[in-house]
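> Sharing a model prediction with you, sequence too.
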Amino acid sequence: MKNRFSVRAFLLASLGIFLSLPNAEATSQSNLTVELDGLKNQGGQVCLSLFSSSQGFPDQKESALQTQCVRLGKDSPKITFENLIPGNYAVAVFHDANSDQTLNLNSLGIPTEGFGFSRNPAIFAGPPQFDDTAVVVATAQNNIQIKLQYLWNLNQ
């Protein structure tokens, strides 16, 4: 009887130690750093949205996992999204030249400010799908480069 009690006490103590260990998911978080290429000028800011699914991609920033707007300076910025669990993510970015936090469009719905997406897909008739832009974030530090496109106003 005493042996059964000792084994039970040992198992309960072991379980308590196991439950007090840090969560493995918390230690496997990653960062995604985005470098921008092709800015036409350093005026205004760039706004980025990070999505973990197709829901709301690419233009519903309220559906984004994280968003950031960064004022432009003399150098092209590098923007980092932190504390990501490994998985697939897509980034949408636009050059907010007039700092109104909106991708401005002309009367035909064509962007008048620069824009881009992770994996730099070709743009033909409308924005790309999430699956065409998703990148795998699997290591502690992940880096991508997005080339901005300017379709309408080439003076931006």
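Ah, there it is.
> Tell me, what's the model's pLDDT at residue 38?
At residue 38 the predicted local distance difference test score is 94.
> same deal with the one 5 residues further on?
The pLDDT attached to residue 43 in the predicted structure is 94.
> which SSE is the most centrally placed residue in the chain in?
Centroid-nearest residue in the chain, with CA atoms, centre = their mean: residue 50, separated by 2.9 Å. In this assignment (DSSP states H and E), residue 50 forms part of strand 45-51.
> thought residue 69 was touching residue 100?
No. With contact defined as CB atoms under 8 Å, residue 69 and residue 100 do not form a contacting pair (10.6 Å). C-beta here means a position set from N, CA and C on the backbone, and glycine is covered the same way.
> Comparing these two, which residue is more hemmed in?
A side-by-side neighbour count of residue 69 and residue 100, using other CB atoms under 10 Å, places residue 69 first with 16 against 12.
> Which residue lies closest in space to the more buried one, excluding its sequence neighbours?
Closest residue to residue 69 in three dimensions, ignoring its sequence neighbours and counting by CB to CB, 6 or more residues apart in numbering: residue 47, at 4.3 Å.
> residues touching the one you found, list them.
Each residue near residue 47 by CB atoms under 8 Å, 6 or more residues apart in numbering is listed here: 61, 67-70, 93-94, 96, 101, 103.
> Turn the buried ones among those residues into a named ChimeraX selection, would you?
What follows is the ChimeraX syntax for the buried subset of the contacts of residue 47, where burial is set by 16 or more other CB atoms under 10 Å:
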select :61,68,69,93,94,96,103
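> From the contacts of residue 47, which land in strands?
Helix and strand membership here follows DSSP state E; of these, those in strands are 67-70, 93-94, 96.
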